[in-house]
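> curious how this folds, go ahead:
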Amino acid sequence: KITDIHLVKFAIDMRFNRIFLLNHISANESYLRMRVQWKGNTVVLNLGYRVERAKWNSDTQRVKNGTTHGKKKVPASNINREISRYEMATDKLFARYEMEGVLPSEKDFRDALIREIRGEYKHAEKDNPHIIFVQAFNKYLSDNRNNWALSTSDKRKTLLKHLIDFKSDIQFSDLSENGISDYLQFLLSNGMRNTTVKRQNGFVKSFLRWAKANGYDTGDASLTHSVKLRDTQKKVIYLEWDELMKLFSFEFPESMKRLEVSRDVLCLCCFTSLRFSDAKNLKKSDVYDNYISVTTIKTSDTVKIELNKYSRSILDKYKNSQGVYAIPTNSNQITNKDIKQIGELCGLDTPIGLTYYIGNRRYDEVKPKYELLTTHCGRRTFICNALMLGIPPQIVMKWTGHSDYKAMKPYIEISDSAKKNAMKLFNR
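Model (predicted):
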């Protein structure tokens with residue numbers, strides 16, 4: 001079984017794929033290995049641990065916290081720490097190859113990685129400001145105190161790629177007030193939208209604050225850089241009730257039956273308010289007669305969500321499926337692709353106008369709704385329809401886990417607008 005793929009692209013367009021392999025050795029256990037590929041080269045290394053497959057999280061590429069593995073009952077923290085060491089060592093080596101313009105052979109990389117893992121490079125690198133920066137960033141990514149959701153962690157990983165694309169030997173001194181401005185301008189010149197550039201500015205400041213708090217010499221790096229860019233309020237994409245019913249009851253032709261599970265997991269989110277990550281992680285043991293109880297992945301809050309006839313029917317459909325999970329799901333990426341295809345099949349093609357800015361330039365686009373559908377539309381659909389049905393916001397928040405009205409405000413505005421339009425029906 002091959003787990004998730006981690007792709008990194010450097011400024012000289014040298015790419016490498018790093019994946020962790022669970023190589024089966026018994027009914028329950030696998031050897032944990034790391035495979036690295038670049039430019040037609042492949043190196044596979046054994047991390048020296050046996051992992052119990054049921055205790056492996058393919059999304060995070062880590063063994064599940066609190067578990068033990070093998071006859072020696074090795075704790076998860078030891079194995080995850082070793083995975084992080086191999087990831088950091090790989091990132092550092094390819095950063096060095098990129099900086100030196102070197103394309104390593106398989107033997108060169110294997111030997112260098114082993115030396116890196118053993119710490120033989122530490123003395124040579126201790127004064128290299130770029131390597132210090134990369135090391136700091138990798139420690140920032142692996143710091144468990146950050147308690148990030150998987151999607152948040154992936155966005156932080158992308159930040160390092162953008163920084164190296166901006167300046168191949170990036171170091172703390174490059175992130176002064178002017179340096180960050182240059183970096184953000186670089187992102188805009190490459191077509192990044194203002195909303196995303198603002199988030200990138202926040203990510204940079206978050207990393208720099210972490211580095212300073214953890215004893216790194218950040219020099220003149222700016223911890224307070226602010227950016228003023230024109231922006232528009234993000235449009236909330238959700239399914240109206242008739243669209244949701246069309247999706248829920250759609251009969252797939254035999255040749256497209258594989259899409260059914262992606263439809264069902266989206267509808268489960270629409271009828272329960274679950275995020276996709278929580279629907280994917282939902283276990284049969286979390287499902288009770290009249291409700292589900294979930295500890296959310298993003299916030300670690302425990303929420304109790306009562307079942308309605310729609311969510312109950314979806315869960316009943318898969319209750320006899322193999323495995324511990326309540327509904328079999330694909331990855332978020334595959335499900336998002338499927339959802340767009342399903343939306344088109346269902347005729348969910350209402351034109352949606354979008355406005356965004358890149359720098360000072362405004363862009364206006366019109367797209368059919370199905371092109372904008374993602375797994376997160378499920379949660380938005382639940383909230384919008386619940387409010388339009390007249391369910392009080394404070395009750396909706398108990399299901400969704402929202403702690404304040406600020407996050408609910410865009411949905412309440414949609415509900416108010418819909419009610420105003422509905423009242424016009426009386427003016428006939």
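
> going forward, measure contacts and count neighbours with C-alpha atoms only.
OK.

> okay, helices next: where are they in the stretch 151-300 of the chain?
In the stretch 151-300 of the chain, the helices defined using DSSP state H, counting those that start in this stretch lie at 177-189, 194-213, 241-249, 260-272, 276-281.

> please state the offset of the last one from the chain centre?
It refers to helix 276-281. From the chain centre to the centre of helix 276-281 is a distance of 12 Å (Cα atoms, centre = their mean, to the nearest Å).

> CA-only coordinates of that helix in CSV, if you can.
Included here for helix 276-281 are C-alpha records, laid out as CSV according to Å, rounded to 0.1, in the frame of the first residue of the first chain:
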residue,chain,number,x,y,z
PHE,A,276,-15.1,16.2,4.8
SER,A,277,-12.2,15.2,7.0
ASP,A,278,-14.6,14.3,9.8
ALA,A,279,-17.0,12.4,7.4
LYS,A,280,-14.0,10.5,6.1
ASN,A,281,-12.9,9.7,9.7
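
> now for that helix, which elements pack on it?
Judged by 3 or more Cα pairs under 8 Å, 6 or more residues apart in numbering; DSSP states H and E, the packing partners of helix 276-281 are helix 260-272.

> buried ones in the helix it packs on?
With burial defined by 16 or more other Cα atoms under 10 Å, the residues of helix 260-272 counted as buried are 260-272.

> likewise stretch 273-287?
273-284, 287.

> and these as JSON lines, adding pLDDT?
Listed next are the buried residues of stretch 273-287 as JSON lines, based on pLDDT from 0 to 100:
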{"residue": "273", "pLDDT": "93"}
{"residue": "274", "pLDDT": "95"}
{"residue": "275", "pLDDT": "93"}
{"residue": "276", "pLDDT": "94"}
{"residue": "277", "pLDDT": "91"}
{"residue": "278", "pLDDT": "93"}
{"residue": "279", "pLDDT": "95"}
{"residue": "280", "pLDDT": "94"}
{"residue": "281", "pLDDT": "93"}
{"residue": "282", "pLDDT": "95"}
{"residue": "283", "pLDDT": "95"}
{"residue": "284", "pLDDT": "94"}
{"residue": "287", "pLDDT": "95"}
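
> now, among these, which is nearest to residue 234?
Within the buried residues of stretch 273-287, proximity to residue 234 (Cα to Cα) peaks at residue 275, which comes in at 18.7 Å.

> on that earlier part again, would you mind giving the buried residues of helix 260-272 as CSV with pLDDT and distance to residue 72 added?
Conversion of the buried residues of helix 260-272 to CSV gives the following (pLDDT from 0 to 100; distance: Cα to Cα, whole Å):
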residue, pLDDT, distance to residue 72
260, 96, 43
261, 96, 39
262, 96, 40
263, 97, 43
264, 97, 41
265, 97, 38
266, 97, 41
267, 97, 43
268, 97, 40
269, 96, 40
270, 96, 44
271, 96, 44
272, 95, 41
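
> who touches the longest strand anywhere in the chain?
Among the segments of the chain that qualify as a strand by DSSP state E, the longest is strand 41-52. Contact partners of strand 41-52, identified using Cα atoms under 8 Å, 6 or more residues apart in numbering, comprise 22, 28-37, 63, 69-70, 79, 82-83, 105-106, 109-110.

> what's the first helix or strand after that strand?
strand 56-57 (DSSP states H and E).

> and for residue 295, the neighbour number?
Residues contacting residue 295 under the criterion other Cα atoms under 10 Å number 15.

> list the contacts of it.
For residue 295, the residues meeting the contact criterion (Cα under 8 Å, 6+ apart) are 301, 302, 303.

> ok, now with 10 Å
For residue 295, the residues meeting the contact criterion (Cα atoms under 10 Å, 6 or more residues apart in numbering) are 278, 281, 282, 286, 301, 302, 303, 304.

> equivalent analysis for residue 256, please.
Listed by Cα under 10 Å, 6+ apart, the contact set of residue 256 reads residue 342.

> hang on, the earlier thing: among the contacts of strand 41-52, which ones are buried?
Going by neighbour count (16+ other Cα under 10 Å), the contacts of strand 41-52 have 22, 29-34, 36, 63, 69, 79, 82-83, 106, 109-110 buried.

> which among those gets closest to residue 240?
residue 63 (39.6 Å).

> adjacent strands (with direction) for the longest strand of the chain?
Sheet pairing of strand 41-52 (DSSP bridges) gives strand 29-38 (antiparallel).

> point out where the stretch 151-300 of the chain drops to low pLDDT.
Low-confidence regions of the stretch 151-300 of the chain, defined by pLDDT under 70, span residues 151.

> one step back: farthest pair within the contacts of residue 295?
The widest separation within these, taken as Cα to Cα, falls between 281 and 304 and amounts to 15.1 Å.

> tilt between the helix or strand where residue 108 lies and strand 29-38?
Remark: residue 108 resides in helix 106-118, with elements defined by DSSP H and E. Going by axes from the mean of the first three to the mean of the last three Cα atoms, to 10 degrees, helix 106-118 is angled at 120 degrees with respect to strand 29-38.

> quick one, strands of this protein?
For the chain, the strands identified by DSSP E occupy 2-9, 15-24, 29-38, 41-52, 56-57, 62-63, 68-69, 74-75, 291-295, 302-306, 351-358, 361-368, in order along the chain.

> which helices and strands sit right next to the last one?
Put plainly, it is strand 361-368. Helices and strands touching strand 361-368, as assessed by 3 or more Cα pairs under 10 Å, 6 or more residues apart in numbering; DSSP states H and E, comprise strand 351-358.

> with only the CA atoms kept, save the strand it packs on in PDB.
C-alpha atoms of strand 351-358 as PDB (Å, rounded to 0.1, in the frame of the first residue of the first chain):
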ATOM      1  CA  PRO A 351     -24.300  30.900 -13.500                       C
ATOM      2  CA  ILE A 352     -22.200  32.200 -10.600                       C
ATOM      3  CA  GLY A 353     -20.400  35.600 -10.900                       C
ATOM      4  CA  LEU A 354     -17.000  35.800  -9.300                       C
ATOM      5  CA  THR A 355     -14.900  38.900  -8.700                       C
ATOM      6  CA  TYR A 356     -11.300  39.000  -7.500                       C
ATOM      7  CA  TYR A 357      -8.200  41.200  -7.700                       C
ATOM      8  CA  ILE A 358      -4.500  40.600  -8.600                       C
END
